[in-house]
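A.B. asks: predicted model, plus sequence, below.
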Amino acid sequence: MRRFSGFAVAREAMRAHKGWEKQWDNPELKSSYDVIIIGAGGHGLATAYYLAKEHGITNVAVLEKGWLGGGNTGRNTTIIRSNYLFDESAGLYNHAVKLWEGLSQDLNYNVMFSQRGVMMMAHNVHDVQVFKRHVHANRLNGVDNEWLTPEQAKEYCPPLDISKSARYPVRGAALQRKGGTARHDAVAWGYARAAAARGVHIVQNCEVKGIRRGASGEVTGVETSRGFIGAKKVGVVAAGNTSHVMQMADVQMPLESYPLQALVSEPVKPCFPCVVMSNTVHAYISQSDKGELVIGAGTDQYTSYSQTGGLHVIQHTLDAICEIFPIFSRMKMLRSWGGIVDVTPDRSPIIAQTPVEGLYVNCGWGTGGFKATPGSGHVFAHTIANAAPHKFNEGYTMERFTSGRLIDEAAAAAVSH
Amino acid sequence: MLLIHCPYCAEERPETEFAHAGEAHIERSTQMGELTDEGFANFFFYRDNTKGITYERWRHIHGCGRFFNAARDTVSDKFLVTYKAGEPKPDLSEIDNQTKAGAKS
Amino acid sequence: MAKPLKLERAHPLGDQNFGAPGISITSVRGGYRCSLRVAQSDISAVSNALGVDLPQAPKTSARSANRVAMWLGPDEWLIYDSKANPIDDLKNINALCSAVDVSHRNTAIEAKGPLAAEVINAGCPQDLSLEVFPVGACSRTILGKAEIVLYRAKADTFHIECWRSFAPYVFELLRTAARDQSALAVR
Amino acid sequence: MNAPVSIQPNRIPGKGRLSAADPLRFTFDGKTLPALKGDTVASALIANDIHLVGRSFKYHRPRGIVSAGSEEPNALLGIQRDVARHTPNIRATVQEVYDGLEATSQNRWPSLKYDIGEINDIASPLLSAGFYYKTFMWPRKAWDKVYEPFIRKAAGLGKAPVHKDPDHYSSQHEHCDVLILGGGIAGLSAALAAAKNGARVIICDEQATFGGALHFDSDVTVDGMDGFSWAQKVTAELAAMDNARVLLRTTAFGYYAQNYVALIERVTEHLSAPRADLPRERLWEVRAKKVIIATGSIERHMVFANNDRPGILLASAARTYLNHYGVGVGKNVGVYTANDSAYAAAFDLKEAGINIPAIVDVRDNPNEELLAKASALGIRVLTGHGVMAAGGKLRVSSMSVAPVNGGANEVIAVDSIIMSGGWTPSVHMFSQSRGKVTYDADKSRFVPGVYAQDCVSIGACNGTDNLSATIDEAIAAGEDAARAVRHNAKQSATAINATGGEAWEGTLIGAAPGAEAGKVVKAFVDFQNDVTAKDIRLAVQEGFHSIEHVKRFTTNGMATDQGKLSNMHGLAIAAEALGKDLPEVGLTTFRAPYTPVTFGALVSHSKGTLFEPTRKTPMHDSEVAIGAVFEDVGSWKRAWYYPKTGEDMHAAVNRECKTARTNVGMFDASTLGKIEVVGPDAAEFLNLIYTNPFLKLGVGKLRYGIMCREDGFIYDDGVVARIAEDRFHVTTTTGGAPRVLNMMEDYLQTEFPHMKVWLTSTSEQWAVIAVQGPKSRDIVSPFVEGIDLSTEALPHMSMAEGTICGVPTRLMRMSFTGEMGFEINVPADYGRAVWDTLYQAVEEAGGCAYGTEAMHVLRAEKGYIIVGQDTDGTVTPYDAGLGWAVGKKKTDFVGIRGLKRPDLVAEGRRQLVGLKSVDGRSVLEEGAQIVDDPNQPMPMKMIGWVSSSYWSGNAQKPIAMALIEDGFNLMGKKLYVPMANEVIEVEVCKAVFVDEEGGRLHG
Ligand SMILES: Cc1cc2nc3c(=O)[nH]c(=O)nc-3n(C[C@H](O)[C@H](O)[C@H](O)COP(=O)(O)OP(=O)(O)OC[C@H]3O[C@@H](n4cnc5c(N)ncnc54)[C@H](O)[C@@H]3O)c2cc1C
Ligand SMILES: NC(=O)c1ccc[n+]([C@@H]2O[C@H](COP(=O)([O-])OP(=O)(O)OC[C@H]3O[C@@H](n4cnc5c(N)ncnc54)[C@H](O)[C@@H]3O)[C@@H](O)[C@H]2O)c1
Ligand SMILES: Cc1cc2nc3c(=O)[nH]c(=O)nc-3n(C[C@H](O)[C@H](O)[C@H](O)COP(=O)(O)O)c2cc1C
Ligand SMILES: [Zn+2]
């Protein structure tokens, strides 16, 4: 694989860019692989990349029913942060942030990880209590997160309305300076290119339609729209479609899939310096490198696989955005879209072996898994390679729903993303 | 915004009058205390989450207040039928064909 | 000993009203309401006691003198009486029912005028054409971010019930919509 | 203001439909220019011979006006009415001129003509598609400090507003039988047919006047009049009908499930001095039984070198400027086409006196009739030729023409080029409805295929080219829709006769000759995002084979016009590079909105006081009058504390707490949820809902109850009063009220439907005044009638009905402070008067009102929990030290099984205990974490956290509650709270800090 660099760009500029090669191949399918990953989203591709890079397992296929990165990876608001409350979450997400910090260099692909800071607004006394609980726990977990007064919050994000007369006045904010955003597509492409360069087969337009199991119930391979492909280990990383795929192996999941919508405004000159989230009024906003305001809405209330949702959900989100940022009222919505998010009862993911031998699952990231992409792929690769969890995903089992040992950030904080 | 037929109001009403209430036909055991851990997990946490026709509960919370059930296609978000709480799963074979016939080409 | 006090009912909106060409929005003071739940078997007994036949078709109401019985659900009615508390007629009734005095829980606002339906449609997603929501129709529904009970008293007159703490919101939304609709109508 | 028309060099007297009698003025980049009423900013600029209006996104290339409609990719301006009314990225082709309008060009510095950013155009070989993914990676630190700020600075087009929007917006739900999107000949004909057959009809069009293509198509006559006049006549006819609503300047932007279509109406943006009461825009949320899509088609540009030079426009646009606005796009206009429609435009221009040096047609054999007419008009036609490049920079100055199959170039001087690559049916709304398009290979276009909703497409958007076929299709659609909805309406036939409007043949999608693969030219596919044909090919070369990848790698179709012109070209170029057929490659997804929609309009009323209801208790104003500071609890405003002059929060709370313990305090508890549970099975029902036993609760008695979800975690708590055998008054937390009622209804309706119980929310029926403290009885009793308040008659945790101040009350002897106290429920309309009366007595007795903060302290002094503060969704009743409230003998209640799960009965769970600061001074911070060993390295093992913490004036020390692993077994143990700058030593204790025996409760 030819390396990307400023010099390479300059060289190619001299010769009409004739020298750029394919970032990944469309390889001939083999009849079997050591490991099959179902789903070429960020998590699936990262898993394949780390299998190859960290565990030397390169006879890997990533099967994707559509185009790689076209799932939630390609439709999320790209907020990255790790200031979670529980030790399990802090461990996992902070692991991811550390990987994010070197990811462009590691992949030789600029994923534009922008540590512009993620600020979470507290609008009432309860929010303040909850956020301070996070700040304290984060400090002792070595995760950066600081408390800001309303004035400090305004200084960090000038468009913010901190007037006392607001319906929900700003009572302060928790700021994670290392949080930020990344270019979502580049993440998928960067992992795909880097994985392909290490020999991983990325097979698009190849839908998995069945999971074949052997005499003692173990996985032997998958049926796809392009025929049967054998593998002793199969990792399901299908996000919103996980229940559907796992059903193929007769495994029911503690998951529900909801539409989650987002929108972008028309592009404008830089006017918004960081990421702001407000759970009380339900708004998430940042400005992309291209200039659009990227805004996340809430989930629609019903389960769906349609990748669309209702206008009223978008309206509620914009109500909130214009409430905290009244100057944006004349801005315009350019495009809105939806993804399908798979939500577990405790809103934390499952990254684990399943009751079926050889079948692994990485799912349940709900509305907030983009931020975990490198960490998730890294620990899942470890789990598949060793048939045992990495220390950072030990708690993320399915059994926790039987034992009751949940990792319920939402219950503890009513915070998503 | 979906349009949902409330079987009690006998009328289609806008989604914002309703609250979705999860998968339908999951019965709470009359011997709740006796369930195994797995039995409880199945009852409370595990869901079919069907891609296709799902049976789900809704409450006409800002209308007549009644809980009722619906069969809906989660791929197209189309309702096939709604029916009152306590009624058995309806036979969809006919309804299905009708709706299909409704889509012209 | 109790001081002989004469306490007046305080309406949550005080004396607010708003008028613009084609529409007036007025707070309705006082009034009595009862949230009524009745078993199918006892509907006629309760109807007799109330002096109004509880309607049994969705979205309909029945009226006698100052009293309106509004169908809200299959076993639920809201009884509104502008003069007397209906609960008094149900105190000693021997029927399978639940009658709860909610005179103070709810408050009422009237929207009147040719633009009334359009004004309410600023926040209410139901079809309020006379065809679909005729005179006498009633329904629990939503108005913006509040829940209301809507009753069409006349072609151009709606009686809107909401919980008292939502009244300022409901009134303000109607007032704002009335301003807009009136302005738009005479463009 | 009366600028003579003559100083508009391109305004052609006698042409168009605007009147010279209605002059206006506007400014462009500070320069005042004349215009006519009815002009768009674009038509007025062109009238003034201004084509250069902006700079492109990436390369900062000079750009002009391309279209005459909402598909415009280039002419985006900042429009400003006053300082606070600045709106970026407005399409000049849509914005109507009003007197005094101020327009500014965007994305240029220092000026439109001399733009520093132009360097990017020179550097453009470096800035190929996706270049930023390949570079800016070293040194790593430079990304944050250098590269990213640089990229960002270049981003965006216009400037975001910096002032709060002074305008207001309106919205409305609307229902109809037939909604018609688009008011061209198809839409109007359908509307007429539907309305005449009794249907409730709404027809909308995004333009300022109805007529669609009739604005420009001078060949069409309908019912004996010219097409445009006919459209106006029909519009008026429809507007006069009771059952039809006609919406101008109204764009259908979103087609959602079940025929829910969102429209946006621009109400004031064309007015010079709009009335203040008019909303700027109005959102229509329409639910239609039938939708008729009549959105027409959009002409495509030609993809050739430097096709973005100002002065190069779509042929139909030039024709619109001429025939509708009376404006010539130039004096010497070249024509470049693959389609017949450009001929019609050329003929019209020629007949209006504009020189047409040549029509360049890539086709070898265009329609004979057209050739004949061209020759009759003396227009030179070069068939089988292409424009290899446009010359000029700030304005096109020439076209370089050569035979398609190779040969010498001829340079033809022009001051404008009009072009047509054929027409793309506008299937946006159809596709948004989730319909599937099919490919019409004959005409290289996608047309509606499989419908997903109850709608139908007609006219040009349906691929119907022929005018009479369009009319037939439209009338049939209108009649069918009406009859399907209105079976009984009187039937009425509609007849419309039209002439002209023959189908325009010919199409070219993808790169035009000269811009083929291998040619290093800038032939723009997507003008706004600066995507060239070569960028698309590069994407394919780099392995981006899905059209969705091509889109995202090149950003083709992602600009504010959402690829209305570019998508088909991009697709064709990609397909060619891939060696595939178009339909195999496929279209990207159409998404709402059709054109960008103002946030404010989507928000509409929901801002300021209407953002969300603000709920206030009946006593609110009295509390304001005595100086209360409020806090938000859910949607409620609750009195937080009542500072006296000079007091800060701390002082006020200390005083309030002390007064309540030593004298008497009054508290507004009205926000508590209340549910009346009535029916013969009421007790049994509550017995299932709460963990506590309820069957034996006596009439007139109260019981504190805990409610779990099935998973065994605490969901809510409250006090339950038995009013009668079959009637209970249940209270919930303030925030929990709606969800508790919903959960109860759920169980009642779906799990225990056999039970004869009804639930009614009475939260707002009752105002609740808590009077607490040693003097509480003395304060209350003078006002009460019919209730014996003595402890014997009304002991702690009992209630009675009677009157207070002459109004009915449910009076409860209970306490959340640990003091003797009463909670007085009165009908809400009397709440304020009763409060005022009692307050006067309290004040006279030296008592005071206390707020939620003091309430929190008082209850914490007693170790009473607050659900949601001392518990979160991970705490069981046992964890909270409330195991006594779980009915051990019960065979069922909600949560019974969840509570028995392995992890919930495991050793070492976090349990709620009290904490003392060892130094006797330090008030812990709520949320602070607790460790066993403060000297361990990071990450530290945290064993618990502080859930409540206050300075207790009554105990004269800090008090706290905390959830700590195995806390119940750690009494007396020293633990540590590591703060940022210090470590606080604490000791675990029982969570009762005042009156451990509880004697005070009993008075
Ligand atoms: C609108 C929105 C906003 C969000 N905002 C944020 C945010 O700000 N921050 C954040 O951290 N997270 C956010 N998220 C969540 C985040 O996007 C996801 O958690 C994350 O991208 C999941 O990545 P993934 O690789 O697991 O899934 P995906 O990217 O969805 O990949 C799964 C892939 O599996 C494929 N697949 C499914 N079934 C099959 C099959 N049978 N055969 C073959 N392939 C199959 C799919 O086509 C898909 O490509 C958001 C999500 C949405 C929808
Ligand atoms: N002969 C041909 O080959 C050919 C080709 C193209 C157009 N035409 C001409 O086009 C016309 C076809 O009539 P038609 O009625 O189908 O199309 P039309 O283009 O005349 O009308 C479509 C109308 O829909 C409006 N519109 C589009 N999208 C909208 C939206 N989302 N919201 C609101 N309004 C929207 C447009 O403003 C336009 O006025 C005829 O006049 C015909 O002569 C002919
Ligand atoms: C962070 C982010 C920024 C985006 N910016 C744009 C944009 O500038 N223009 C645009 O048309 N779409 C933008 N999109 C949306 C995509 O076009 C597209 O809608 C999204 O990837 C979902 O795919 P789909 O709409 O094809 O289903 C953006 C998406 C994301 C996640
Ligand atoms: Zn109903």
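C.D. replies: Arrived safely, thanks for sending. Residues are numbered from 1 along each chain as shown, chains lettered A, B, ... in the order given. Ligands and ions are numbered 1, 2, ... in the order given.

A.B. asks: hey, let's count contacts and neighbours off CA atoms from now on
C.D. replies: OK.

A.B. asks: break chain D down into its domains, please.
C.D. replies: Listed by automatic domain parsing, the domain ranges of chain D are D:5-125, D:170-297+D:425-499, D:516-579, D:672-762, D:907-1002.

A.B. asks: for D:T40, grab phi and psi.
C.D. replies: Here is the backbone geometry of D:T40 (degrees, to the nearest 10): phi -90, psi 170.

A.B. asks: how many neighbours does it have?
C.D. replies: Other residues near D:T40 number 25, with proximity taken as other C-alpha atoms under 10 Å in any protein chain shown.

A.B. asks: separation between A:C157 and A:V275?
C.D. replies: Distance of A:C157 to A:V275, computed by C-alpha to C-alpha, to the nearest Å: 9 Å.

A.B. asks: more neighbours: which of these two?
C.D. replies: Applying other C-alpha under 10 Å to A:C157 and A:V275 shows that A:V275 carries more neighbours, namely 28 against 17.

A.B. asks: would you confirm that that one contacts A:A283?
C.D. replies: No: using C-alpha atoms under 8 Å, A:V275 is not in contact with A:A283; the gap is 10.6 Å.

A.B. asks: could you point out where the chain is predicted with low confidence?
C.D. replies: You didn't say which chain, so I picked chain A. A:413-417 (pLDDT under 70).

A.B. asks: chain D is the one I meant
C.D. replies: Chain D contains residues with pLDDT under 70 at D:1-6.

A.B. asks: interface residues of it facing ligand 2?
C.D. replies: Within chain D, the positions near ligand 2 by C-alpha under 6 Å from any ligand atom are D:181-187, D:204-207, D:210-214, D:250-253, D:294-297, D:459-461, D:465-467, D:501-504, D:594.

A.B. asks: show me what from the stretch 101-250 of chain A comes close to ligand 3.
C.D. replies: Nowhere does the stretch 101-250 of chain A come near ligand 3, counting by C-alpha under 6 Å from any ligand atom.

A.B. asks: strands along the stretch 101-250 of chain A, start to end?
C.D. replies: In the stretch 101-250 of chain A, the strands defined using DSSP state E, counting those that start in this stretch lie at A:118-122, A:146-148, A:172-176, A:180-181, A:201-203, A:208-213, A:219-224, A:227-236.

A.B. asks: next: chain B.
C.D. replies: B:3-6, B:11-14, B:19-23, B:53-59, B:67-73, B:78-84 (DSSP state E).

A.B. asks: so which of those strands gets nearest ligand 4?
C.D. replies: Checking these against ligand 4 by C-alpha to the ion gives strand B:3-6 as the closest, at 4.6 Å.

A.B. asks: adjacent strands (with direction) for the closest one?
C.D. replies: For strand B:3-6, the pairing partners within the sheet under DSSP bridges are strand B:11-14 (antiparallel).

A.B. asks: before we move on, the earlier item: return the most buried member of the domains of chain D.
C.D. replies: domain D:516-579 (a mean of 23; mean count of other C-alpha atoms under 10 Å in any protein chain shown).

A.B. asks: start to end distance for it?
C.D. replies: Terminal residues of domain D:516-579 lie 14 Å apart, using C-alpha to C-alpha.

A.B. asks: how about the helix or strand where D:V540 lies as PDB, C-alpha atoms only?
C.D. replies: Using DSSP states H and E, D:V540 falls within helix D:533-541. Taking Å, rounded to 0.1, in the frame of the first residue of the first chain, the C-alpha atoms of helix D:533-541 are listed here in PDB:
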ATOM      1  CA  ALA D 533     -15.800  15.200 -13.600                       C
ATOM      2  CA  LYS D 534     -12.200  14.300 -12.800                       C
ATOM      3  CA  ASP D 535     -13.000  14.200  -9.100                       C
ATOM      4  CA  ILE D 536     -15.700  11.600  -9.700                       C
ATOM      5  CA  ARG D 537     -13.300   9.500 -11.700                       C
ATOM      6  CA  LEU D 538     -10.600   9.800  -9.100                       C
ATOM      7  CA  ALA D 539     -13.100   8.500  -6.500                       C
ATOM      8  CA  VAL D 540     -13.800   5.400  -8.700                       C
ATOM      9  CA  GLN D 541     -10.100   5.000  -9.300                       C
END
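
A.B. asks: what's next to that helix, contact-wise?
C.D. replies: Residues from elsewhere that reach helix D:533-541 (C-alpha atoms under 8 Å, 6 or more residues apart in numbering or on different chains): A:17, A:20-22, D:128-129, D:303, D:510-511, D:515, D:517, D:520-525, D:545, D:550, D:553-554, D:570, D:573-574, D:577-578.

A.B. asks: report the next helix or strand after that helix in sequence order.
C.D. replies: helix D:547-554.

A.B. asks: picking up where we left off before, can you list which of the residues of chain D next to ligand 2 are found in helices?
C.D. replies: Applying DSSP state H to the residues of chain D next to ligand 2, the entries found in helices are D:185-187, D:467.

A.B. asks: quick check: the farthest pair among the residues you listed?
C.D. replies: For those, the farthest-apart pair by C-alpha to C-alpha is D:G187 and D:L467; their separation is 12.6 Å.

A.B. asks: which bits of chain B sit near chain A?
C.D. replies: Within chain B, the positions adjacent to chain A are B:1-2, B:19-20, B:22, B:37-38, B:40-41, B:45-51, B:74-77 by C-alpha under 8 Å from any C-alpha of the partner chain.

A.B. asks: interface residues of chain B facing ligand 1?
C.D. replies: Taking C-alpha under 6 Å from any ligand atom, no part of chain B reaches ligand 1.

A.B. asks: how about D:A592: what's its closest non-neighbour residue?
C.D. replies: Distance criterion C-alpha to C-alpha, 6 or more residues apart in numbering or on different chains; nearest residue to D:A592, sequence neighbours excluded, is D:G254 at 4.8 Å.
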